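Chemist: following is a predicted model, sequence given first.
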Amino acid sequence: MLPSKLGTTGTVAVKLAGIQNPSGSPSRMTRVLTGITTSGTPHLGNYVGAVRPAIAASHAPGVESFYFLADLHSLVKVQDAARVQRSTLEIAATWLAAGLQPDKVWFYRQSDIPEISELNWFLTCVAGKGVLNRAHAYKASVDRNRADGEDDDSGISAGLFMYPVLMSADILLFNANKVPVGRDQVQHIEMARDFAQRFNHLFGGEYFVLPEAAIEDNVATLPGLDGRKMSKSYDNTIPLFAPHAEMKKLIASIVTDSRAPGEAKQVEGSHVFQLYQAFASAEETAQMQVAFAEGIGWGDAKQKLFERIDAEVAPMRDHYEALMAKPAEIEAILRDGAQRLRTKYATPFMAELRHAVGLRDLSSAPAAEAEAASKAALPVFKQYRDTDNRFYFKLLDGEGKLLVQSNGFDSPKDAGQLIGVLKRSERADAMETPGINVLVPVDEVLAALLQLRNAEA
């Protein structure tokens with residue numbers, strides 16, 4: 001999870017009608033959530049793949065942006081306390097130096113929101129172990145153990161196994177609509193949807209919005225010094241704010257082929273060109289492509305690459321170094337963001353969820369029973385995943401009588417779209433869809449749907 005980011009399409013209606021942005025102006029906004037694990041020093045790949053596009057997206061109209069430092073996630077792999085602390089400071093300073101405006105977005109540290117950990121437990125109690133068994137990171141670790149002749153779970157912590165649940169809590173606590181991820185992270189968003197649906201179904205309410213993965217095919221994955229994906233795991237990174245001389249030396253060490261100056265070079269597969277393209281304009285990229293065809297020497301190409309990266313990074317480096325010299329100011333920004341976020345969203349929503357699962361004030365039992373009876377009087381759609389791993393829904397009247405049963409769908413989104421159509425249906429012919437089975441006279445179904453619409457109006 002979150003090897004570098006957690007990170008954010010279709011729009012899902014936000015649960016709360018009066019969403020407000022951090023500055024307090026009310027509006028209906030799409031919530032977008034992004035996180036970076038605090039397990040190392042930010043590098044060029046983090047910047048190009050997560051930080052830069054996320055900050056650009058935060059300026060879009062109608063978007064409420066959530067940016068967090070995933071320090072709880074870092075504990076899965078890092079047991080060096082000083083490294084976690086240092087990385088948290090470096091990543092916070094990176095976001096701020098790159099232009100994040102904490103007065104216009106939500107900017108916080110994961111561990112400063114205790115409601116995330118509480119929701120993590122609620123979701124753990126509804127998450128299927130079979131679903132977690134299929135998590136890519138866990139399966140990859142099991143496969144490595146088998147290849148080495150070890151026990152399946154040798155060296156695998158419960159934290160690694162359960163981190164998709166914590167990731168789900170990060171997302172669902174704030175009912176994020178969109179989470180920007182690479183294709184390797186889509187499975188985790190599907191898990192979050194699954195856990196949200198299970199909770200909604202078990203506790204009889206639409207508590208959680210079903211998040212959607214915004215797959216970032218247009219965001220570059222940068223090669224590292226050795227040509228593999230730039231990653232702390234491969235020790236092949238170029239630190240984003242490395243000193244001028246160090247960055248120049250690292251860029252000079254990028255692996256290239258043996259073609260001499262004057263020999264035409266291919267841009268396809270060239271690590272130098274891929275890095276240059278991630279920072280250059282379209283015009284500059286075209287010029288470099290011509291230079292490759294004309295046989296530019298690798299030394300000259302790397303010098304141009306260094307100059308292009310330095311032109312973008314140098315102004316931010318000065319700001320970053322100033323921020324790093326004032327850690328107390330960064331601490332204050334993070335604590336302020338967390339406190340405001342808890343007050344506005346996390347604490348009241350967790351109170352609602354605690355009530356839903358039965359963690360209630362005992363003196364309020366009679367009122368709770370009356371509320372439950374009131375809710376039971378309304379028809380309800382219930383979504384669920386069956387043993388065939390397909391997604392279904394059913395419509396029950398206020399007394400629990402089954403009115404409509406769906407057929408199976410390949411994804412929860414498909415099932416949810418048909419529910420949306422049915423909720424708006426006012427004519428009998430709308431019931432003539434192959435996706436559902438009407439089990440009572442159509443008039444009863446239409447009456448139940450009208451009752452729902454009136455209640456939601």
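Modeler: Yes, it's here.

Chemist: quick one: least confident helix or strand in this structure?
Modeler: helix 365-376 (a mean of 56; mean pLDDT, DSSP states H and E).

Chemist: immediately after that one, which helix or strand?
Modeler: Next along the chain after helix 365-376, taking DSSP states H and E as the criterion, comes strand 380-385.

Chemist: list the buried residues for that next one?
Modeler: Going by neighbour count (16 or more other C-beta atoms under 10 Å), the buried part of strand 380-385 is V380, F381, K382, Q383, R385. No exception for glycine: its C-beta is placed from N, CA and C like everyone else's.

Chemist: can you list the strands that that strand pairs with?
Modeler: The strands beside strand 380-385 in its sheet (DSSP bridges) come out as strand 391-396 (antiparallel).

Chemist: which residues are in contact with the partner strand?
Modeler: 379-386, 402-412, 414-415, 418-419, 422, 445, 448-449 (C-beta atoms under 8 Å, 6 or more residues apart in numbering).

Chemist: same deal with stretch 449-457?
Modeler: L378, P379, L395, G398, L422, K423, R424, S425, E426.

Chemist: output the contacting helices and strands for the host helix or strand of the fifth one.
Modeler: Under the assignment given by DSSP H and E, the secondary-structure element containing L422 is helix 412-423. Under the contact criterion of 3 or more C-beta pairs under 8 Å, 6 or more residues apart in numbering; DSSP states H and E, helix 412-423 touches helix 186-203, strand 380-385, strand 391-396, strand 402-406, helix 442-456.

Chemist: okay if I get those as a markdown table plus mean pLDDT?
Modeler: A markdown table is the format used below for the helices and strands packed on helix 412-423 (pLDDT from 0 to 100):
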| stretch | mean pLDDT |
| --- | --- |
| helix 186-203 | 94 |
| strand 380-385 | 88 |
| strand 391-396 | 91 |
| strand 402-406 | 92 |
| helix 442-456 | 86 |
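
Chemist: for F203, give its distance to L210.
Modeler: 15 Å (C-beta to C-beta, to the nearest Å).

Chemist: who has more neighbours out of these two?
Modeler: More crowded of F203 and L210, by other C-beta atoms under 10 Å: L210, with 21 against 15.

Chemist: what strand or helix carries the more buried one?
Modeler: Per DSSP H and E: nothing holds L210, as it lies in no helix or strand.

Chemist: next, count neighbours for the nearest residue to it once chain neighbours are set aside.
Modeler: Excluding the flanking residues, the one nearest L210 by C-beta to C-beta, 6 or more residues apart in numbering is R193, at 4.7 Å. The number of residues packed near R193 is 25, by other C-beta under 10 Å.

Chemist: got the contact list for R193?
Modeler: L210, P211, P412.

Chemist: any chance of TSV for those residues, columns pLDDT and distance to T88?
Modeler: Formatted as TSV, the contacts of R193 follow (pLDDT from 0 to 100; distance: C-beta to C-beta, whole Å):
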residue	pLDDT	distance to T88
L210	95	30
P211	95	25
P412	86	35
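
Chemist: distance to F161 added to the residues you listed, as JSON lines?
Modeler: Converted to JSON lines, those look like this (distance: C-beta to C-beta, whole Å):
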{"residue": "L210", "distance to F161": "24"}
{"residue": "P211", "distance to F161": "21"}
{"residue": "P412", "distance to F161": "23"}
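
Chemist: what about G205, how many neighbours?
Modeler: Residues lying near G205 (other C-beta under 10 Å) number 15.

Chemist: how about the closest residue to it other than its chain neighbours, what does it touch?
Modeler: Residue nearest to G205 in three dimensions, not counting chain neighbours: A356, with 6.2 Å by C-beta to C-beta, 6+ apart. Residues near A356 by C-beta under 8 Å, 6+ apart: F203, G205, Y207.

Chemist: and A356, what pLDDT?
Modeler: Residue-level confidence at A356 comes out at 95, pLDDT.

Chemist: OK, contacts around V105?
Modeler: Residues near V105 by C-beta under 8 Å, 6+ apart: P22, S58, E64, S65, F66, Y67.

Chemist: leaving out chain neighbours, which residue sits closest to it?
Modeler: The shortest distance from V105 to any non-neighbouring residue, by C-beta to C-beta, 6+ apart, is to S65 (4.2 Å).

Chemist: does the one you found belong to a helix, a strand or coil?
Modeler: At S65, secondary structure determined by DSSP: H, G, I helix; E, B strand; the rest coil is strand.

Chemist: neighbours of it, how many?
Modeler: S65, neighbours per other C-beta under 10 Å, totals 26.

Chemist: gap between it and P180?
Modeler: Counting by C-beta to C-beta, the gap from S65 to P180 is 10 Å.

Chemist: overlap in contacts of the two?
Modeler: Contact criterion C-beta under 8 Å, 6+ apart; residues shared by S65 and P180: V32, T34, A54, A57.

Chemist: how close does the nearest residue to G40 once chain neighbours are set aside get to D184?
Modeler: Nearest non-adjacent residue to G40, counting by C-beta to C-beta, 6+ apart: K232, 4.1 Å away. Remark: distance between K232 and D184 (C-beta to C-beta) = 16 Å.

Chemist: of those two, who's got more company?
Modeler: Legend: neighbour count by other C-beta under 10 Å for K232 and D184, higher for K232 (20 against 10).

Chemist: right, and the more buried one touches N46 too?
Modeler: No: using C-beta atoms under 8 Å, K232 is not in contact with N46; the gap is 9.3 Å.

Chemist: now do stretch 384-396: distance from first to last residue.
Modeler: 14 Å (C-alpha to C-alpha, to the nearest Å).

Chemist: one more: stretch 234-250?
Modeler: With C-alpha to C-alpha as the measure, the first residue of stretch 234-250 is 15 Å from its last.

Chemist: ok, and for that stretch, which residues are buried?
Modeler: N236, T237, I238, P239, L240, F241, A242, M247, K248, L250.

Chemist: quick one: low-confidence ranges for this protein?
Modeler: 1-28, 216-220, 365-376, 457 (pLDDT under 70).

Chemist: please enumerate the strands of it.
Modeler: Counting by DSSP state E, one finds strands in the chain at the ranges 30-37, 63-70, 106-109, 178-181, 212-215, 380-385, 391-396, 402-406, 436-438.

Chemist: quick one: contacts of the second one?
Modeler: To tie it back to what came earlier, the one meant is strand 63-70. The contact list for strand 63-70 (C-beta under 8 Å, 6+ apart) reads 2, 6, 19, 21, 29-38, 54, 57-58, 88, 91-92, 95, 100, 105-110, 170, 174, 176, 334.

Chemist: what pairs with it, parallel or antiparallel?
Modeler: Paired strands of strand 63-70, defined by DSSP bridges, are strand 30-37 (parallel), strand 106-109 (parallel).

Chemist: equivalent analysis for the shortest one, please.
Modeler: Listed by DSSP bridges, the sheet partners of strand 436-438 and their directions read strand 402-406 (antiparallel).

Chemist: can I get stretch 358-367 in PDB, CA atoms only?
Modeler: Written as PDB, here are the backbone C-alpha positions of stretch 358-367 (Å, rounded to 0.1, in the frame of the first residue of the first chain):
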ATOM      1  CA  GLY A 358     -24.200   0.100  19.000                       C
ATOM      2  CA  LEU A 359     -21.500   1.900  20.900                       C
ATOM      3  CA  ARG A 360     -24.100   4.200  22.500                       C
ATOM      4  CA  ASP A 361     -25.000   6.100  25.600                       C
ATOM      5  CA  LEU A 362     -27.000   3.500  27.500                       C
ATOM      6  CA  SER A 363     -29.500   6.200  28.800                       C
ATOM      7  CA  SER A 364     -30.500   6.800  25.200                       C
ATOM      8  CA  ALA A 365     -31.800   3.300  24.500                       C
ATOM      9  CA  PRO A 366     -35.500   4.200  24.200                       C
ATOM     10  CA  ALA A 367     -34.800   7.000  21.800                       C
END
